[in-house]
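Student: take this sequence and fold it.
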Amino acid sequence: MPDQVASRILLLRDDALVLNKPAGLATHRGPRGSASVEDWLPALQMGRRHLPQPAHRLDQDTAGCLVLGRTKPALAALGAIFAKGSAAKTYWAVVQGGPEDDAGEIALPIRKISSRAQGWRMEAHADGLASLTRWRCVGRGAGMAWLELVPETGRTHQLRVHCAAMGWPILGDALYGAGGAGGLHLLARAIALPLEPPLQAEAPPPPHMAGALRGCGWHA
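Tutor: You can find the predicted model right below:
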């Protein structure tokens with residue numbers, strides 16, 4: 001197995017594995033055949049009859065915990081867990097500015113919009129689908145804040161849209177209002193699934209987030 005793949009395995013068990021997906025790598029191969037986690041699947045097969053398959057998706061620019069099923073029964077069980085919203089997902093983000101309070105929730109509907117000039121994106125709008133994010137401020141720095149985000153719903157770009165709508169966009173998010181900063185400062189930090197036995201995994205912050213996190217009080 002290539003070192004670049006082996007070093008990304010956070011958890012390995014008979015039914016599933018958890019990868020630390022790097023930022024910039026898509027979960028699924030796009031129509032143009034761009035690089036994706038699918039390119040790693042043969043190396044991750046490890047003698048099994050079938051290739052492992054992602055049980056959910058992370059945005060291309062989001063780093064962190066990605067769960068793959070290693071058997072067909074496991075994939076079915078994982079699919080049911082994610083479909084029911086039973087997966088406990090925790091994200092870390094560094095945002096521009098930041099909330100005044102220490103904790104709260106964002107309940108803003110989200111819908112998809114598109115135009116020929118700008119392509120598609122998501123927006124907070126009364127006509128959208130109900131969306132809920134719980135948040136907690138873990139640390140603060142100069143003009144930024146380190147947030148722990150828990151999405152209670154799983155809308156596309158939900159965390160990015162919700163943070164931007166509140167006036168504190170995620171650093172590095174050019175699409176929703178805070179470009180620069182060397183990449184999207186959003187990490188799928190931890191995941192817990194009600195399998196038997198329960199599955200739990202945690203991903204370390206990627207290098208491009210380390211400086212901003214330290215500025216908000218994080219210590220490796």
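Student: just the C-alphas of the helix ranked longest in the chain, formatted as PDB.
Tutor: The residue-count maximum for a helix in the chain (DSSP state H) belongs to helix 72-84. Only the C-alpha atoms of helix 72-84 are listed here, as PDB (Å, rounded to 0.1, in the frame of the first residue of the first chain):
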ATOM      1  CA  LYS A  72     -21.900  -5.200   1.300                       C
ATOM      2  CA  PRO A  73     -23.700  -5.700   4.700                       C
ATOM      3  CA  ALA A  74     -21.600  -3.100   6.300                       C
ATOM      4  CA  LEU A  75     -22.300  -0.600   3.500                       C
ATOM      5  CA  ALA A  76     -26.000  -1.300   3.800                       C
ATOM      6  CA  ALA A  77     -25.900  -0.700   7.600                       C
ATOM      7  CA  LEU A  78     -23.800   2.500   7.200                       C
ATOM      8  CA  GLY A  79     -26.200   3.800   4.500                       C
ATOM      9  CA  ALA A  80     -29.100   3.300   6.900                       C
ATOM     10  CA  ILE A  81     -27.300   5.200   9.700                       C
ATOM     11  CA  PHE A  82     -26.400   8.200   7.500                       C
ATOM     12  CA  ALA A  83     -29.900   8.200   5.900                       C
ATOM     13  CA  LYS A  84     -31.600   8.300   9.300                       C
END
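Student: and the most centrally placed residue in the chain, which of the three is it?
Tutor: Central residue of the chain (Cα atoms, centre = their mean): Ala188, 4.0 Å from the mean position. Remark: Ala188 carries the secondary structure label strand [criterion: DSSP: H, G, I helix; E, B strand; the rest coil].
Student: what's the answer for Leu44, then?
Tutor: helix.
Student: would you map the strands across the chain?
Tutor: Ranges of strands in the chain, per DSSP state E, are 9-12, 16-21, 53-54, 63-69, 88-96, 103-107, 110-115, 119-124, 132-141, 144-151, 186-193, 199-202.
Student: Ala77: which of those strands is closest?
Tutor: Ala77 lies closest to strand 63-69 among those, at 7.7 Å (Cβ to Cβ). Where you see a C-beta, it was placed from the backbone N, CA and C, and this is true even at glycine.
Student: same for that closest one, what does it pack against?
Tutor: Applying 3 or more Cβ pairs under 8 Å, 6 or more residues apart in numbering; DSSP states H and E, we find strand 63-69 packed against strand 16-21, strand 53-54, helix 72-84, strand 186-193, strand 199-202.
Student: pull up the pairing partners for that strand, direction included.
Tutor: Strand 63-69 pairs in its sheet with strand 16-21 (antiparallel), strand 53-54 (antiparallel), strand 186-193 (parallel), by DSSP bridges.
Student: nice, that's everything, thank you.
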